[in-house]
Each structure stands twice: as C-alpha cells, then as structure tokens.
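Peer 1: Sequence first, predicted model second:
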Amino acid sequence: MTSISQYPDLILANGRIYTVDGADSWAEAVAIRGGRIVAVGDSAEIEALKGPDTEITDLGGRMAMPGFVDIHNHILMAGQSALYELQFPPSSTIDEICGHVRARAEKAEPGQWIIGNQWGADKMAELNSEASLARLDAAGLGHPVLLRDETMHNRWVNSEAMRLSGISDNQPDPPQGAFFRDPSTGRLTGILVESASGIAELAASNAFSPDMARAAVKRAVEIGNSLGVTAFQDAATALPILETLSDLDRAGELTAWAVASLPLIQPTFLFGTTGDALLAVRDRHRTTHVRPDFTKIFLDGVPGARTAAFHDAYLDDPAHPHGYRGDLLVDLPEMVRMVDKSERLGMGLKVHCAGDRAVTQMLDAVEAVRHFRGPTTVRHHIAHASYIRPEDIRRFAELGVVADLCPMIWYPTTFLEGHKAVMGEERATRFWPIAELQKSGALLAGGSDWPVIPVPDPWHGIEGMVTRQNPSGAFPGVSLWPEQAIDLATAIRIYTLNSATAMGIDSITGSIEPGKSADIIVLDRNVFEIAPDQIADTLITTTYFEGRVVHQG
C-alpha cells in the first residue's frame, strides 16, 4: 500500500479487486482522489486513510477490476447503428431481412433512406441475383435501402439506392471494388463490394448532420461504459470523427479515453478530411482524453468477398481467374514509406490485414524500416491478426508488432461459414492462432470492431478466447481450433492492460495501481469462480471513469 498525504475523495472497500498489475494481485480496497488511484490494499488499511468528507462504497464482496480497453472499434458507425439504423442478426434469411426492411419502410418519411445491419457473409451468393434484388425493391416501398454485411466491407442495396448513387448496369467496376451481377443475366444485383460500397454510403450520408454525429458518438461511448469499456481506439478516424470526440471532451461529455487512428489513405466507407491534411491539424484536436496518436491504412479486404490477400488461392468461382489469391491494396515499397512516415511523426500505424499475405507484407515493411531506422518505441498494429502463416507468428514479438485481435469471432460463426465457402474448411478453420501468438511473446490486444460485432461486450470475446465456442449458444458443442484456447487471466489482461500498452496509455489506465486513472468496473460475479461457459453472462453493476460513476446497472 502507498501512503498518501491528503484524504481520498472515495474509497471502494470490502471487495475482491483484481488489479491486473504485474503480479495479477488481488486487493480488498482502493482509495481515489482527484480521479486517480492513490492507494490499493486491504480494507482496514485503506479505510484508515479516510477523512471527514471521504465517501466509502462497500462493494459487498463483489469482484472489481480495471475498466476494459477496446483496441479497435468504429465509434461513429457504432453510434449511428445504435441510434438510427435497422438491426437484424447475420443468421437472418432473405425473407426475414425483407420483413425488417418493409416494417421500417412503412414508418419512414418520404424519401428517407432505410439503412440496416447485418446480413451474413455466407449469404452473398444467395443475394447475388435479380430475383433477390426484386424482393428487396418490393420491401423498400420506394425508399432507398442500404444494408451492410457483417464485415462492414460490403453492401446490398436496392434499385432506388443505386439510382440515387449513380450506379447503372453499364458502369465498370470501381478500382478496388466491384458491382456484383447476376451470373445468369449479367445485370446488377445490388451487391456492392469494398470501394463500390462507398459510392452508396456517400449518397446515403447526405442526410446525416453534425448534430446526429455528436449524438451518435456520445451514445456509443455510453453503451461502451455500460459494458465496462473506459478506453477505446477508434480504428479509422477522419476529421469529422476527431472533431466530434474532441468537442465532446471539451464539453465534459466524453467518459472514456479515446485514441484516434488517422487514415493515410481515404477509406472507401469514410468521408471527411484524411491523409496529410488531417495529420497537419491533429494536435488542434488533442484534448485531455483524446489522443490522435496512430495512423491507419487498409492493406486488403475480407475473406468472404474474396478481397483478403492470401498466400494460397481461393476456391475457384466464375468471377475470378483460377489461382486468384486476392489483391494487396498497397505495394511493399509504399508500405515501407508509410511505416517510416508514421514513425517519423511518432505515431503507430494500424493496418487492416485480413489475409495472411497482407500480414506478411506488413511484417516485411516493419522489418525493412528496422534495418534502416534501428529500434523504436513506436508500436504498430496488425488488425486483425486472424489468418497468419506459421513462420510469421514469431515475427510479431521479434518486430514489436501488436496483434490487434478483433472482431470477437474466434469461435464458430456465420463469418466462418462464409470463409469456408470460399477457402475450404481446412484453411478457413486455421483462424485466430491466439495461443501460439501468446507463447511466442507477442503483445496481444483485445478489440470488438464494433459495429462489425453488434454487441461489443468484452466478456463475449473473453469467454470465446477461453472456450473457443460461440458464447451465444449458436453452433452448440462446436469448437474452433480448440488448441488455441487461453486461460482467463491472460484473456482479461488482453482486454485491459495489454490494450492500454498497445495504445500508449498504459501509464494512465489498464490496471488498478497508484497513480493511474480510477477506471474501475464492479461485476455481478467473480469470473474466476464460475464455469467458463458462463463468463459471457457477466454484467457490469458499476463503471467508474476517473473515479466517478458513469454507469450504474
């Protein structure tokens, strides 16, 4: 216990407090002053520090631990999804999807876009027909409809949405994207892949105001707080998102630490200033809780749409040549320049790498920069670190590259079924070698990729890491590569201190230690005393951010 010279504002006492410090030690009480932890120890010694105005909260033996740190989300899209958009599960059939669309269209204002999430990645072939498009057109009742898949890289839109977006049958595919066509007729089906999705998203974005963006980000942070999240990294932060975060913080309304990832290249689904123009103004938007300390690029797409870049070929299909392996969006020399540029700015580079060839190229780029720049304290992130060649696993630790683990699908899902359809079962199920990465010494950080994952509850990810089974009960009894399961303490560290370390805020948050922000969550159960398949049922009864209650269950 650390002695203190002034009285604490708040003492949390009589708890089972898992600190996630270097020894994974437990305590009974925490003293907090000015939003910071000033002492950790047993209840008697901590309560002896109280002053006449100290508030004492009796935890009643409940477990407490550091707030979660989400290494990867999309905070604006998440809030938009929660506040304004239609929701349906990836398992939904076409009939069910169209039923949801029709119900929303019946209540919509004239001309209003119907935007929704998420159709399953395994449904792409079924949706890719004129007959399916006709059903979506009928369900939309004349409204433009835009529906995102569960990867958030692809869209299914109706004819009215294509008309408003300027997409027509005789239009060539855009660079780094595609308009899918009915294999029988050659006509558009409304399936838009990668950059083609951005054309429709841009048209739909015209109805979205700055006030709506502010409300969306604020709501997303509130949802995160309710799930115990007290810090996050937005994974693609164009200027409007950065402005919104900093404005909320200056108004005293941001209740989490926010690290921003500034795109070096304009993403197809994101609008607003990016690149050098954004880098030039980043420090204007730096606040107490907003840290624009990372850059971001996308190196490939997603497996289900055959846009992720792999060393081995996809299964043959009519739309691609034999031996097709997916495309890298940036070549190695340019990748080296981006890593070097980020380091010269003192910024880590977060790189979307869904396929193992993309992972290899990012590691090659970092290795090249190490040869001519020498050691660095900057941490680069490979998101999503899911498909990795065995010989590349050790290179994460050797090069100091973080494995940004998200979305939370290291167990059987419709995502995986979509991968099996294009890669074959054997390759598709070599998914998320988390235990091997851990044993190699890599820094593993936990994220949600929300709204790719509709409910960004870290306990779902943690249970999945421990059991390799779907915590929702879907795919009962089926495990995904069970040899890659890890223990609970390691999984909790991945979602707390490891993520804080990867984001460069581990001196501030991520563990319960003197000097750190009092970002603490109280649980309804001790997760070390329950069956592994009950971990995802854990609820947050109270979330403290800087020592003040921001969620009460």
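Peer 2: Structure received.

Peer 1: neighbours around residue 175, how many?
Peer 2: By the other Cβ atoms under 10 Å criterion, the neighbourhood of residue 175 contains 10 residues. In short, each C-beta sits where N, CA and C put it, glycine included.

Peer 1: quick check, it in a strand?
Peer 2: No: under DSSP: H, G, I helix; E, B strand; the rest coil, residue 175 falls outside any strand and is assigned coil.

Peer 1: Nearest spatial neighbour of it, chain-adjacent residues omitted?
Peer 2: Nearest non-adjacent residue to residue 175, counting by Cβ to Cβ, 6 or more residues apart in numbering: residue 195, 6.4 Å away.

Peer 1: repeat for residue 508
Peer 2: The shortest distance from residue 508 to any non-neighbouring residue, by Cβ to Cβ, 6+ apart, is to residue 517 (5.4 Å).

Peer 1: OK, contacts around the residue nearest to residue 175?
Peer 2: 174, 175, 176, 177, 268 (Cβ atoms under 8 Å, 6 or more residues apart in numbering).

Peer 1: Per-residue confidence, it, what does it come out as?
Peer 2: With respect to pLDDT, residue 195 has a value of 91.

Peer 1: for residue 428, same thing?
Peer 2: We note a pLDDT of 98 for residue 428 in this prediction.

Peer 1: for the one 3 residues further on, same thing?
Peer 2: At residue 431, the pLDDT value in this model is 98.

Peer 1: Secondary structure of it: a helix, I assume?
Peer 2: No: going by three-state DSSP, the assignment for residue 431 is coil, not a helix.

Peer 1: how about it, what does it touch?
Peer 2: 386, 387, 410, 416, 419, 480, 481.

Peer 1: Tell me the secondary structure at residue 32.
Peer 2: Going by three-state DSSP: residue 32 is strand.

Peer 1: Go ahead and flag the most central residue of the chain.
Peer 2: Centrality entry for the chain: nearest residue to the mean C-alpha point is residue 449, 1.8 Å, by Cα atoms, centre = their mean.

Peer 1: how near is the nearest residue to that one once chain neighbours are set aside to residue 490?
Peer 2: Among residues not flanking residue 449 along the chain, residue 407 sits closest, at 3.5 Å (Cβ to Cβ, 6+ apart). For residue 407, the distance to residue 490 (Cβ to Cβ, to the nearest Å) stands at 19 Å.

Peer 1: Can you give me the neighbour number for residue 331?
Peer 2: 9.

Peer 1: and it, what does it touch?
Peer 2: Applying Cβ under 8 Å, 6+ apart, no residues qualify as near residue 331.

Peer 1: quick one: the helices in the stretch 401-550 of the chain?
Peer 2: 414-423, 425-428, 434-440, 458-467, 488-494, 497-503 (DSSP state H, counting those that start in this stretch).

Peer 1: Which one of those lies nearest to residue 541?
Peer 2: The closest of the helices of the stretch 401-550 of the chain to residue 541 is helix 458-467. By Cβ to Cβ, the value is 13.3 Å.

Peer 1: got a list of contacts for that closest one?
Peer 2: 68, 70, 227-229, 405-406, 408-411, 434, 446, 448, 453, 470-472, 479, 485-488, 490-492, 494-495, 527, 532-533, 535-538.

Peer 1: do that again at 6 Å, thanks
Peer 2: 68, 408, 410-411, 446, 471, 486, 488, 491, 495, 532, 535-536, 538 (Cβ atoms under 6 Å, 6 or more residues apart in numbering).

Peer 1: could I get those as JSON lines with pLDDT, distance to residue 322 and neighbour count?
Peer 2: JSON lines is the format used below for these (pLDDT from 0 to 100; distance: Cβ to Cβ, whole Å; neighbours: other Cβ atoms under 10 Å):
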{"residue": "68", "pLDDT": "99", "distance to residue 322": "45", "neighbour count": "32"}
{"residue": "408", "pLDDT": "95", "distance to residue 322": "35", "neighbour count": "28"}
{"residue": "410", "pLDDT": "97", "distance to residue 322": "31", "neighbour count": "26"}
{"residue": "411", "pLDDT": "96", "distance to residue 322": "32", "neighbour count": "28"}
{"residue": "446", "pLDDT": "99", "distance to residue 322": "38", "neighbour count": "28"}
{"residue": "471", "pLDDT": "97", "distance to residue 322": "39", "neighbour count": "22"}
{"residue": "486", "pLDDT": "99", "distance to residue 322": "39", "neighbour count": "20"}
{"residue": "488", "pLDDT": "99", "distance to residue 322": "45", "neighbour count": "16"}
{"residue": "491", "pLDDT": "99", "distance to residue 322": "41", "neighbour count": "26"}
{"residue": "495", "pLDDT": "99", "distance to residue 322": "42", "neighbour count": "32"}
{"residue": "532", "pLDDT": "98", "distance to residue 322": "44", "neighbour count": "17"}
{"residue": "535", "pLDDT": "99", "distance to residue 322": "45", "neighbour count": "24"}
{"residue": "536", "pLDDT": "98", "distance to residue 322": "42", "neighbour count": "21"}
{"residue": "538", "pLDDT": "99", "distance to residue 322": "48", "neighbour count": "21"}
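
Peer 1: Tell me which of these fall in strands.
Peer 2: Mapping those onto strands (DSSP state E) picks out 68, 446.

Peer 1: closest to residue 138 among the contacts of helix 458-467?
Peer 2: residue 408 (35.0 Å).
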